[in-house]
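In: Build the 3D model from these lines:
(one chain, ligands or ions: 1)
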Amino acid sequence: MLELHGKVALVTGAGPNIGVAIARRLAAAGARVACNDVDAERAEAAAAAIRADGGDAIAVPGDITDPQAVAAFVQRTVDVYGGIDILVNNAAITVPKSLLTISYEEWCRNTDIILNGTFLVSQAVAKQMVAQGRGGAIVNIASTSGHRGRANAIAYCTAKGGILNLTRAMACDLAPYRIRVNSVSPTKTGASVGGLESAGARDTREILLGRLGHPEDQAAAVLFLVSDAAAFITGEDLRVDGGSLATWGTRSQRFEEPSSRTV
Ligand SMILES: NC(=O)c1ccc[n+]([C@@H]2O[C@H](COP(=O)([O-])OP(=O)(O)OC[C@H]3O[C@@H](n4cnc5c(N)ncnc54)[C@H](O)[C@@H]3O)[C@@H](O)[C@H]2O)c1
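Out: Purely as a prediction, here's the structure:
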(Lines give C-alpha, C1' and ligand atoms only; values in the text may rest on other atoms or scores of the structure.)
Protein backbone atom coordinates (compact mmCIF):
# COMPACT_ATOMS: atom_id res chain seq x y z
CA MET A 1 0.00 0.00 0.00
CA LEU A 2 1.52 3.33 -1.07
CA GLU A 3 0.89 5.98 1.52
CA LEU A 4 1.78 9.63 2.00
CA HIS A 5 0.60 10.42 5.52
CA GLY A 6 2.33 13.51 6.91
CA LYS A 7 3.33 14.73 3.43
CA VAL A 8 2.30 17.97 1.74
CA ALA A 9 1.85 18.03 -2.03
CA LEU A 10 1.48 20.90 -4.50
CA VAL A 11 -0.14 20.06 -7.85
CA THR A 12 -0.14 22.66 -10.65
CA GLY A 13 -2.83 22.83 -13.30
CA ALA A 14 -5.31 20.88 -11.15
CA GLY A 15 -7.93 21.13 -13.89
CA PRO A 16 -10.73 18.68 -14.60
CA ASN A 17 -8.75 15.96 -16.39
CA ILE A 18 -5.36 14.64 -15.22
CA GLY A 19 -4.53 17.32 -12.64
CA VAL A 20 -7.50 16.75 -10.37
CA ALA A 21 -7.05 12.98 -10.62
CA ILE A 22 -3.46 13.32 -9.42
CA ALA A 23 -4.46 15.66 -6.60
CA ARG A 24 -7.23 13.30 -5.46
CA ARG A 25 -4.99 10.24 -5.62
CA LEU A 26 -2.27 11.87 -3.52
CA ALA A 27 -4.87 13.03 -1.02
CA ALA A 28 -6.42 9.56 -0.86
CA ALA A 29 -2.96 8.25 0.05
CA GLY A 30 -2.88 10.68 2.99
CA ALA A 31 -1.16 13.80 1.65
CA ARG A 32 -2.46 17.29 2.33
CA VAL A 33 -2.76 18.86 -1.11
CA ALA A 34 -2.47 22.42 -2.42
CA CYS A 35 -4.30 22.63 -5.75
CA ASN A 36 -3.00 25.26 -8.19
CA ASP A 37 -4.54 26.44 -11.44
CA VAL A 38 -4.50 29.72 -13.33
CA ASP A 39 -8.30 29.31 -13.33
CA ALA A 40 -9.25 29.93 -9.70
CA GLU A 41 -12.56 28.07 -10.04
CA ARG A 42 -10.71 24.95 -11.21
CA ALA A 43 -8.26 25.15 -8.32
CA GLU A 44 -11.16 25.48 -5.87
CA ALA A 45 -13.13 22.66 -7.53
CA ALA A 46 -10.15 20.30 -7.17
CA ALA A 47 -9.72 21.20 -3.50
CA ALA A 48 -13.46 20.85 -2.90
CA ALA A 49 -13.46 17.39 -4.53
CA ILE A 50 -10.70 16.28 -2.18
CA ARG A 51 -12.52 17.64 0.85
CA ALA A 52 -15.68 15.86 -0.32
CA ASP A 53 -13.61 12.65 -0.42
CA GLY A 54 -12.68 13.29 3.24
CA GLY A 55 -9.20 14.65 2.47
CA ASP A 56 -7.40 17.88 3.33
CA ALA A 57 -6.87 20.40 0.52
CA ILE A 58 -6.63 24.10 -0.24
CA ALA A 59 -6.81 26.03 -3.49
CA VAL A 60 -3.73 28.08 -4.40
CA PRO A 61 -4.63 29.71 -7.72
CA GLY A 62 -2.03 31.52 -9.79
CA ASP A 63 -0.21 31.68 -13.12
CA ILE A 64 2.91 29.49 -13.12
CA THR A 65 4.61 31.84 -15.61
CA ASP A 66 4.35 34.82 -13.21
CA PRO A 67 7.28 34.75 -10.73
CA GLN A 68 5.40 36.82 -8.14
CA ALA A 69 2.32 34.62 -8.35
CA VAL A 70 4.49 31.51 -8.00
CA ALA A 71 6.25 32.91 -4.94
CA ALA A 72 2.86 33.79 -3.43
CA PHE A 73 1.17 30.40 -3.94
CA VAL A 74 4.23 28.45 -2.80
CA GLN A 75 4.40 30.64 0.33
CA ARG A 76 0.68 30.21 0.98
CA THR A 77 1.11 26.43 0.83
CA VAL A 78 3.97 26.64 3.35
CA ASP A 79 2.01 29.01 5.59
CA VAL A 80 -1.02 26.71 5.72
CA TYR A 81 0.68 23.30 5.78
CA GLY A 82 4.13 24.06 7.20
CA GLY A 83 6.21 22.90 4.22
CA ILE A 84 6.15 21.06 0.89
CA ASP A 85 7.32 17.47 0.32
CA ILE A 86 5.89 16.71 -3.13
CA LEU A 87 5.54 18.82 -6.29
CA VAL A 88 3.70 17.72 -9.41
CA ASN A 89 4.26 20.03 -12.39
CA ASN A 90 1.17 19.22 -14.42
CA ALA A 91 -0.05 22.55 -15.88
CA ALA A 92 0.21 22.90 -19.66
CA ILE A 93 -1.46 24.24 -22.74
CA THR A 94 -1.12 23.22 -26.37
CA VAL A 95 -1.31 25.32 -29.51
CA PRO A 96 -2.40 22.91 -32.25
CA LYS A 97 -0.34 24.43 -35.04
CA SER A 98 2.56 23.45 -37.26
CA LEU A 99 5.94 25.03 -37.91
CA LEU A 100 4.32 26.73 -40.92
CA THR A 101 1.23 28.11 -39.17
CA ILE A 102 2.18 28.98 -35.59
CA SER A 103 2.91 32.61 -34.80
CA TYR A 104 5.97 33.59 -32.80
CA GLU A 105 3.68 34.81 -29.98
CA GLU A 106 1.88 31.44 -29.86
CA TRP A 107 5.21 29.58 -29.87
CA CYS A 108 6.45 31.72 -26.96
CA ARG A 109 3.23 31.31 -24.94
CA ASN A 110 3.18 27.51 -25.34
CA THR A 111 6.85 27.00 -24.49
CA ASP A 112 6.63 29.61 -21.71
CA ILE A 113 3.89 27.78 -19.83
CA ILE A 114 5.39 24.32 -20.21
CA LEU A 115 9.10 25.07 -19.78
CA ASN A 116 9.43 28.38 -17.97
CA GLY A 117 6.43 27.69 -15.74
CA THR A 118 7.80 24.30 -14.71
CA PHE A 119 11.19 25.90 -14.06
CA LEU A 120 9.75 28.71 -11.92
CA VAL A 121 7.61 26.48 -9.71
CA SER A 122 10.36 23.87 -9.41
CA GLN A 123 12.96 26.44 -8.37
CA ALA A 124 10.71 28.00 -5.72
CA VAL A 125 9.65 24.63 -4.30
CA ALA A 126 13.15 23.10 -4.47
CA LYS A 127 14.56 26.00 -2.44
CA GLN A 128 11.84 25.39 0.13
CA MET A 129 12.59 21.66 0.21
CA VAL A 130 16.33 22.29 0.60
CA ALA A 131 15.66 24.69 3.48
CA GLN A 132 13.44 22.08 5.16
CA GLY A 133 16.26 19.53 4.95
CA ARG A 134 13.99 16.48 4.72
CA GLY A 135 14.27 15.60 1.02
CA GLY A 136 11.33 15.54 -1.35
CA ALA A 137 9.92 14.28 -4.63
CA ILE A 138 9.09 16.13 -7.83
CA VAL A 139 7.23 14.71 -10.82
CA ASN A 140 7.05 16.61 -14.10
CA ILE A 141 4.22 15.59 -16.43
CA ALA A 142 5.78 15.14 -19.86
CA SER A 143 4.07 13.42 -22.82
CA THR A 144 4.57 10.82 -25.49
CA SER A 145 4.74 13.95 -27.69
CA GLY A 146 8.03 14.72 -25.95
CA HIS A 147 9.48 11.46 -27.22
CA ARG A 148 8.54 11.78 -30.88
CA GLY A 149 7.33 14.31 -33.40
CA ARG A 150 3.67 14.91 -34.20
CA ALA A 151 2.14 17.16 -36.86
CA ASN A 152 0.46 20.39 -35.76
CA ALA A 153 2.03 20.42 -32.31
CA ILE A 154 5.41 22.00 -32.93
CA ALA A 155 5.64 24.06 -29.74
CA TYR A 156 4.07 21.39 -27.51
CA CYS A 157 6.34 18.60 -28.81
CA THR A 158 9.40 20.80 -28.41
CA ALA A 159 8.55 21.90 -24.89
CA LYS A 160 7.64 18.38 -23.73
CA GLY A 161 10.95 17.09 -25.10
CA GLY A 162 12.55 19.81 -22.99
CA ILE A 163 10.66 18.60 -19.91
CA LEU A 164 12.29 15.17 -20.25
CA ASN A 165 15.80 16.62 -20.06
CA LEU A 166 14.85 19.31 -17.53
CA THR A 167 13.83 16.38 -15.34
CA ARG A 168 17.23 14.70 -15.68
CA ALA A 169 19.12 17.95 -15.04
CA MET A 170 16.95 18.76 -12.00
CA ALA A 171 17.61 15.25 -10.68
CA CYS A 172 21.37 15.96 -10.89
CA ASP A 173 21.08 19.29 -9.06
CA LEU A 174 18.78 18.03 -6.31
CA ALA A 175 20.12 14.55 -5.55
CA PRO A 176 22.54 15.90 -2.91
CA TYR A 177 19.49 17.14 -1.01
CA ARG A 178 17.63 13.78 -1.27
CA ILE A 179 15.09 15.35 -3.61
CA ARG A 180 14.13 12.90 -6.36
CA VAL A 181 12.92 14.21 -9.73
CA ASN A 182 11.14 12.05 -12.30
CA SER A 183 8.68 12.48 -15.14
CA VAL A 184 5.55 10.71 -16.32
CA SER A 185 4.77 10.55 -20.03
CA PRO A 186 1.06 10.08 -20.65
CA THR A 187 -0.33 9.15 -24.01
CA LYS A 188 -3.83 10.34 -25.01
CA THR A 189 -5.74 10.47 -21.71
CA GLY A 190 -9.35 11.57 -21.52
CA ALA A 191 -9.90 14.77 -23.47
CA SER A 192 -6.91 16.44 -25.10
CA VAL A 193 -5.04 19.24 -23.37
CA GLY A 194 -7.30 22.28 -23.13
CA GLY A 195 -10.28 20.06 -24.05
CA LEU A 196 -9.68 20.78 -27.74
CA GLU A 197 -10.65 17.21 -28.68
CA SER A 198 -13.20 15.23 -26.66
CA ALA A 199 -12.29 11.78 -25.36
CA GLY A 200 -14.82 10.16 -27.66
CA ALA A 201 -13.29 11.73 -30.77
CA ARG A 202 -9.74 10.53 -30.13
CA ASP A 203 -8.10 7.86 -32.30
CA THR A 204 -6.62 5.04 -30.19
CA ARG A 205 -5.18 2.88 -32.95
CA GLU A 206 -1.55 3.53 -32.04
CA ILE A 207 -2.17 2.50 -28.43
CA LEU A 208 -1.35 -1.21 -28.07
CA LEU A 209 -3.75 -1.75 -25.17
CA GLY A 210 -6.58 -0.45 -27.32
CA ARG A 211 -8.01 2.37 -25.25
CA LEU A 212 -7.33 5.93 -24.12
CA GLY A 213 -5.49 6.45 -20.86
CA HIS A 214 -7.67 7.22 -17.86
CA PRO A 215 -6.60 10.15 -15.66
CA GLU A 216 -6.35 7.59 -12.85
CA ASP A 217 -3.70 5.67 -14.83
CA GLN A 218 -1.51 8.76 -14.74
CA ALA A 219 -2.33 9.47 -11.09
CA ALA A 220 -1.29 5.94 -10.06
CA ALA A 221 2.10 6.40 -11.73
CA VAL A 222 2.63 9.75 -10.01
CA LEU A 223 1.71 8.23 -6.64
CA PHE A 224 4.26 5.46 -7.16
CA LEU A 225 7.04 7.90 -8.11
CA VAL A 226 6.49 10.22 -5.13
CA SER A 227 6.15 7.34 -2.65
CA ASP A 228 8.90 5.54 -0.73
CA ALA A 229 8.39 2.56 -3.07
CA ALA A 230 10.37 4.63 -5.62
CA ALA A 231 13.05 5.70 -3.11
CA PHE A 232 15.91 4.65 -5.47
CA ILE A 233 14.41 6.12 -8.65
CA THR A 234 15.43 9.57 -9.87
CA GLY A 235 16.02 11.15 -13.28
CA GLU A 236 13.66 8.58 -14.82
CA ASP A 237 10.70 8.87 -17.18
CA LEU A 238 7.76 6.52 -16.66
CA ARG A 239 5.75 6.08 -19.85
CA VAL A 240 2.08 5.53 -19.06
CA ASP A 241 1.05 5.08 -22.65
CA GLY A 242 -0.60 1.71 -23.18
CA GLY A 243 2.46 0.71 -25.20
CA SER A 244 2.22 3.42 -27.85
CA LEU A 245 5.92 4.27 -27.66
CA ALA A 246 6.80 0.57 -27.93
CA THR A 247 5.65 0.62 -31.57
CA TRP A 248 6.87 2.45 -34.62
CA GLY A 249 4.18 5.01 -33.96
CA THR A 250 2.18 3.87 -36.97
CA ARG A 251 -1.56 3.78 -36.66
CA SER A 252 -2.33 0.32 -38.01
CA GLN A 253 -0.24 -2.16 -36.02
CA ARG A 254 -2.83 -3.24 -33.50
CA PHE A 255 -5.32 -4.17 -36.20
CA GLU A 256 -2.95 -5.97 -38.52
CA GLU A 257 -4.03 -9.61 -38.98
CA PRO A 258 -1.20 -12.06 -38.28
CA SER A 259 -1.85 -13.74 -41.64
CA SER A 260 -1.17 -10.49 -43.49
CA ARG A 261 2.23 -9.94 -41.95
CA THR A 262 5.38 -10.67 -43.86
CA VAL A 263 7.97 -12.41 -41.70
N1 LIG B 1 -4.80 14.89 -22.01
C2 LIG B 1 -3.91 14.17 -22.68
O3 LIG B 1 -4.24 13.38 -23.56
C4 LIG B 1 -2.44 14.32 -22.36
C5 LIG B 1 -1.53 13.51 -23.05
C6 LIG B 1 -0.17 13.63 -22.78
C7 LIG B 1 0.24 14.50 -21.79
N8 LIG B 1 -0.66 15.27 -21.13
C9 LIG B 1 -0.16 16.20 -20.11
O10 LIG B 1 -0.84 15.98 -18.90
C11 LIG B 1 -0.98 17.22 -18.20
C12 LIG B 1 -2.44 17.48 -17.89
O13 LIG B 1 -3.18 17.48 -19.11
P14 LIG B 1 -4.77 17.64 -19.12
O15 LIG B 1 -5.26 16.88 -20.27
O16 LIG B 1 -5.32 17.34 -17.78
O17 LIG B 1 -4.88 19.19 -19.46
P18 LIG B 1 -6.03 20.24 -19.12
O19 LIG B 1 -5.99 21.27 -20.17
O20 LIG B 1 -7.32 19.54 -18.85
O21 LIG B 1 -5.52 20.84 -17.73
C22 LIG B 1 -4.39 21.66 -17.67
C23 LIG B 1 -4.65 22.71 -16.62
O24 LIG B 1 -3.52 23.60 -16.58
C25 LIG B 1 -4.02 24.90 -16.33
N26 LIG B 1 -3.06 25.90 -16.76
C27 LIG B 1 -2.79 26.30 -18.03
N28 LIG B 1 -1.90 27.30 -18.02
C29 LIG B 1 -1.60 27.53 -16.71
C30 LIG B 1 -0.76 28.46 -16.06
N31 LIG B 1 -0.04 29.36 -16.76
N32 LIG B 1 -0.68 28.42 -14.71
C33 LIG B 1 -1.42 27.53 -13.98
N34 LIG B 1 -2.24 26.63 -14.57
C35 LIG B 1 -2.33 26.64 -15.91
C36 LIG B 1 -5.33 24.97 -17.13
O37 LIG B 1 -6.18 25.98 -16.65
C38 LIG B 1 -5.89 23.57 -16.94
O39 LIG B 1 -6.82 23.49 -15.89
C40 LIG B 1 -0.34 18.29 -19.09
O41 LIG B 1 1.00 18.49 -18.70
C42 LIG B 1 -0.39 17.65 -20.46
O43 LIG B 1 0.59 18.17 -21.32
C44 LIG B 1 -1.99 15.20 -21.40
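
In: alpha carbons only for contacts and neighbour counts from here, please
Out: Noted.

In: Strands of this structure, residue ranges please.
Out: With DSSP state E as the criterion, the chain has strands at 8-11, 32-35, 57-59, 86-89, 136-141, 179-186, 237-240.

In: Tell me how far residue 24 lies from residue 201.
Out: Per C-alpha to C-alpha, to the nearest Å, residue 24 is found 26 Å from residue 201.

In: Same drill for those two, tell me which one is more crowded.
Out: residue 24 (27 against 9; other C-alpha atoms under 10 Å).

In: looking at it, the more buried one is touching residue 50, isn't it?
Out: Yes - using C-alpha atoms under 8 Å, residue 24 is in contact with residue 50, at 5.6 Å.

In: who in this protein is up against the ligand?
Out: Proximity of the chain to the ligand, by C-alpha under 6 Å from any ligand atom, involves residues 12-19, 37-39, 62-65, 90-93, 113, 141-143, 186-195.

In: are any of the residues you listed buried, and which?
Out: 12-19, 37-38, 62-65, 90-93, 113, 141-143, 186-193 (16 or more other C-alpha atoms under 10 Å).

In: From those residues, which land in helices?
Out: Taking DSSP state H, the ones among those that sit in helices are 18, 19.

In: what's across from the spatially closest residue to residue 51 that is not a sequence neighbour in the sheet?
Out: Among residues not flanking residue 51 along the chain, residue 57 sits closest, at 6.3 Å (C-alpha to C-alpha, 6 or more residues apart in numbering). According to DSSP bridges, the residues that bridge with residue 57 are residue 33.

In: quick one: residue 57 and residue 35, what's the gap?
Out: Counting by C-alpha to C-alpha, the gap from residue 57 to residue 35 is 7 Å.
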